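Peer 1: Sequence and predicted structure, then a few things I'm wondering about:
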Amino acid sequence: MSKKSIHWADRMAGQWTQRRGRNHVIEIGVSPSGPIHLGFLRETILGDVAARALRDAGAQARFVLFADSMDPLRKRYPFLDASYDKFIGKPLCDIPAPVRGPASYADAFLAPFAKSLERLGVALEILRSEDFYRSGRMTKPISQALEGRERIADILREESGRQLDEGWSPVNVLCAECGRMTTTRVVDFDVASTQIGYACECGSKGQADYSKGQAKLPWRIDWPARWSVLGVTVEPFGKDHSSPGGSYATGRRICQEIFGWKPPEAIPYEWINLKGQGAMSSSKGIAITIDTMLEAIPAEVLRYLILRDRPNQAIDFDPSRKLIQIIDEYEALERRILHGDADVSDAARRNYSLARIDPEQPREAVEIPFRLLTTLVQVAANDEETLKSVLQRTGYGDDLRRWPQVKQLADFAWNWTGKFAPEEDRMQLSEQVPDTVRQLSETQIQFLEQLADYLMGDRPADEIHQQVYQLAERLQLGAPEAFRAIYAALIGKERGPRAGFFLASLNRDFVLERFRQVRRERGESPAGRDWGETGSRPQTYPNQED
């Protein structure tokens, strides 16, 4: 029997409906100031899961992404050239894209993210701040912020300890002359006419009409203002915003006391840390983009990567071997569920269901593990027909009836090996006998010759693996030295994939010829051969000296 437990998302959904009713708006927010990386995927998936859990609980849930496209460019990031220095302080929506095609800087990073969302099965509305400000939807909260300036300043001081200058303003004005909003100072304002008088460091002075998007609320005030305008009830956000004195602490009070809206239910989450580099950050150049990962692993595995840990647990992301372990974990869970294993816990089943893009769509499990597929695509050099033959040789011929599904996984496996596989997991069969065989000992050469004799029979992978150990023991050769001899002869490396499976996946005649070529490469005669279990001398192959 499966273990009964309530998934954290369903438990939260129950609490939200109890406190806030059955009509919800879930918001996530991003500034498109650079490539939208895997770190923000956690916020995205948490928002999607919150929406799913609420709907499963019988509630209505609107899921929105608020893209702060009017956010000013803060600095010239590592991926920008020196020409972008002149755009610092200008809204992202008004800056040219750093690549050809997109209409603006903001579009350059929002467009690929929107495509990634489709592949991830995340259905949401993308809202842009320039549309909100320039259409007049933010006029009321700007008026409220201007009139509540002193109260907002008190809240910021009380919650964050931040000391504000005497001339501080809760609104940033866009200079009509230089186009910047980080260099202006508010001189006066009139909420009746929605006019703000300003002076800019560029020397310009003038009037800005904030009902037409000529001014914008800064982040700490913009965030709670959006909650009130959109009616946000649930929002996931990074742990930095939820710390004492952080944006959520000030935002919830500003939301209630200035904008008159109950702040949303919070889902604070820990960072995704990139192995050896720390928390992902586009501005610091520490990032892997979501679309890059979606080329290397299935979208549902990427969803599962986020869901397998609770939001308050950090995710240490290693795109190489640890990622393969997570793919193995997901595939094993899928096989257990689809094969009807009753011992899978309710929480694990819910994680799997929430990871699925369409949980109602019927599917069959592919039996070949992804880890092994990364070896096979390299053996086949990513050739489709060769891969089919390799699958037949390694006992996975039944999976060929699901070829479109297998081919899709094979493409992921090939991309993963090219982008993220450790060097020791990458291999290319050498067309000629590698020079590394010149370092092999006489005992290692005898081992390869006797292994070739053994491989003349039709041998399954697990038996081949055991035979490696048995032959090594018979020749008084250490097992590591035996494996090194195999890899040296085939791929010119000291290490490689699991030997039994690797040898079973290769063309048998190729392996026999290669192992017997090693001695000739050293210019030696095959004297004193022990023919092992075959009991007879093996047949002669083309180009083989007797």
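Peer 2: Thanks, I have it. Just so we're clear, the structure is a prediction, and the values are computed from it rather than from any experiment.
Peer 1: which residues in the stretch 151-300 of the chain form strands?
Peer 2: In chain order, the stretch 151-300 of the chain shows strands spanning 172-173, 184-190, 195-200, 205-209, 215-216, 234-238, 265-269, 272-274, 278-279, with DSSP state E, counting those that start in this stretch as the criterion.
Peer 1: which residues sit in contact with Leu376?
Peer 2: Contacts here follow C-beta atoms under 8 Å, 6 or more residues apart in numbering; on that basis Leu376 touches Ile368, Leu387, Val390, Leu391, Thr394, Ala410, Ala413, Ser505. Every C-beta, even on glycine, is put in place using the N, C-alpha and C of the backbone.
Peer 1: and of the strands of the stretch 151-300 of the chain, who's closest to Phe420?
Peer 2: Between Phe420 and the strands of the stretch 151-300 of the chain, the tightest spacing by C-beta to C-beta is seen for strand 272-274, at 11.7 Å.
Peer 1: Please name every helix or strand in contact with that closest one.
Peer 2: Strand 272-274 is packed against helix 38-56, strand 315-317, with contacts defined by 3 or more C-beta pairs under 8 Å, 6 or more residues apart in numbering; DSSP states H and E.
Peer 1: Nearest approach to Leu451 belongs to which of those?
Peer 2: Closest to Leu451 of the helices and strands packed on strand 272-274 is strand 315-317 (C-beta to C-beta; 39.2 Å).
Peer 1: partners of that closest one in the sheet?
Peer 2: Partner strands for strand 315-317, per DSSP bridges, with pairing direction: strand 272-274 (parallel).
Peer 1: Give the rounded mean pLDDT of the strand it pairs with.
Peer 2: Averaging the model's pLDDT scores along strand 272-274 yields 83.
Peer 1: Against Met12, how distant is the residue nearest to Val437 when sequence neighbours are not counted?
Peer 2: Leaving out its chain neighbours, the residue that sits closest to Val437 by C-beta to C-beta, 6 or more residues apart in numbering is Val518, at 4.8 Å. Distance check for Val518 against Met12: by C-beta to C-beta, to the nearest Å, it reads 62 Å.
Peer 1: again with Met293
Peer 2: Spatial separation of Met293 from Met12 under the definition C-beta to C-beta is 26 Å.
Peer 1: Likewise for Leu302?
Peer 2: Taking C-beta to C-beta as the measure, Leu302 falls 22 Å from Met12.
Peer 1: Could you check which of those two has the larger neighbour count?
Peer 2: Leu302 (25 against 20; other C-beta atoms under 10 Å).
Peer 1: Next up, the contacts around that one.
Peer 2: Contacts of Leu302 (C-beta under 8 Å, 6+ apart): Leu41, Leu120, Ile290, Met293, Leu294.
Peer 1: That one is in what secondary structure piece?
Peer 2: Leu302 belongs to helix 299-307 when elements are defined using DSSP states H and E.
Peer 1: moving C-terminal of the helix or strand hosting Leu65, what's the next helix or strand?
Peer 2: Counting by DSSP H and E, the secondary-structure element that holds Leu65 is strand 60-67. Sequence-wise, the next helix or strand downstream of strand 60-67 (DSSP H and E) is helix 105-119.
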